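Visitor: Provided below for reference: sequence and predicted model.
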Amino acid sequence: MIPWFDVVAAVFLAGGLFFLVLGAVGIVRMPDTYLRLHAASKSSTLGLIGLLLGAVFHIGTADVLTKAAITLVFAAVATPIGSHLLAKAAMRVGPGYWDKTLQDEHAEDHVR
Amino acid sequence: MTCETLMFTMLAAAADATPSAEQVIEQGPAPGELHWLLAWVVTLGLYAVMFGLALCLWRLFKGPRLADRVLAADLFGWHVIGLVVLLTIHLGNLVFFDAVLGIAIVGFASTVFFAQYIGATGHEVREDETPQGATR
């Protein structure tokens, strides 16, 4: 393909890798399980977008583009569903908020 | 010709055919090879993803609630997808790229089923933890 597509792929790849590792750092540093859900779902989806765009720009074929598009659509749909279900399940067991939380919006739902 | 002279002849021919670093930067990579910036980013990215894997493993062992561990396992799957993409670019073989969709689907399905297990049983309390949630 065009030679500078590799440079564009390198730029996208660097951005995607940065956000992926940032998600892992966030899941270690956050003090609460709900904050960790925020960090993991958002930044890992962004990292996946960057990585797959980098792969598509480097490998120019149509089947890689199709697979990357399907994976991105699936990740964009599946990650919010998964994190929402995990947060709901964790809330069902107990609140477990970080002690500097400003507001508890589900205070009337905690039956224990 | 003996075997040694044949081998040295082939090695000398290969050394002439391999472009030097200055030639690669001038003329661009050979077809099937990587641009030097892309090769550098892929190598650095492999180390970065391995560091992210170590962080996910730490949260997998440490996380006081089961939801933290399930989240760490899901993020572990996304890091493995990153490794698969990087190795596809590095090795140049497109047969690995189908694993991306498979890992994504299996990771999502396992997260959903684990969330249903947590909500149904509530079995996540450790010895040093009250049922109301984490103590830290």
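Guide: Thanks, I have it.

Visitor: got the contact list for residue 79?
Guide: Since you didn't name a chain, this refers to chain A. By CB atoms under 8 Å, 6 or more residues apart in numbering or on different chains, A:Thr79 lies in contact with A:41, A:44-45, B:108. All C-beta atoms are positioned from the backbone trio N, CA, C, and that covers glycine.

Visitor: that's the other chain; I wanted chain B
Guide: B:His79 makes contact with A:20, A:24, B:49, B:52-53, B:56, according to CB under 8 Å, 6+ apart.

Visitor: Quickly find the element holding it.
Guide: If you go by DSSP states H and E, B:His79 is part of helix B:66-91.

Visitor: cool, B:Ala48 as well?
Guide: Per DSSP H and E, the secondary structure element for B:Ala48 is helix B:36-62.

Visitor: any weak-confidence spans in chain A?
Guide: Counting by pLDDT under 70, chain A shows low-confidence ranges at A:1-2, A:110-112.

Visitor: Taking it, what residue is nearest to chain B?
Guide: A:Gly96 (2.6 Å; CB to the nearest CB).

Visitor: Need the three-state assignment for that residue.
Guide: Remark: A:Gly96 carries the secondary structure label coil [criterion: DSSP: H, G, I helix; E, B strand; the rest coil].

Visitor: wait, it sits on A:Ala90?
Guide: Yes. The pair A:Gly96 and A:Ala90 qualifies as a contact (CB atoms under 8 Å) at a distance of 6.8 Å.

Visitor: Find residues that contact each of these two.
Guide: Residues touching both A:Gly96 and A:Ala90 (CB under 8 Å, 6+ apart): A:33, B:65.

Visitor: How are the helices of chain A distributed by residue range?
Guide: Assignment of helices within chain A using DSSP state H yields the ranges A:5-29, A:33-58, A:62-93.

Visitor: what's the angle from the shortest one to helix B:36-62?
Guide: With axes from the mean of the first three to the mean of the last three CA atoms, to 10 degrees applied, the angle from helix A:5-29 to helix B:36-62 works out at 20 degrees.

Visitor: now do the longest one
Guide: Angle, helix A:62-93 to helix B:36-62, by the same axes, to 10 degrees: 20 degrees.

Visitor: Mind listing what's buried along helix A:62-93?
Guide: Residues of helix A:62-93 classed as buried: A:64, A:67-68, A:71-72, A:75, A:78-79, A:82-83, A:85-87, A:89-91, A:93 (neighbour count, 16 or more other CB atoms under 10 Å in any protein chain shown).

Visitor: try the second one
Guide: Of the residues in helix A:33-58, those with enough neighbours to count as buried (16+ other CB under 10 Å) are A:33-58.

Visitor: Who are the contact partners of the residue nearest the centre of chain B?
Guide: Residue closest to the mean C-alpha point of chain B, counted by CA atoms, centre = their mean, is B:Leu83 at 1.9 Å. Contacts were defined as CB under 8 Å, 6+ apart; by that measure B:Leu83 touches B:46, B:49.

Visitor: Tell me how far it lies from A:Phe18.
Guide: For B:Leu83, the distance to A:Phe18 under the criterion CB to CB, to the nearest Å works out to 16 Å.

Visitor: same question, B:Ala54
Guide: Remark: distance between B:Ala54 and A:Phe18 (CB to CB) = 17 Å.
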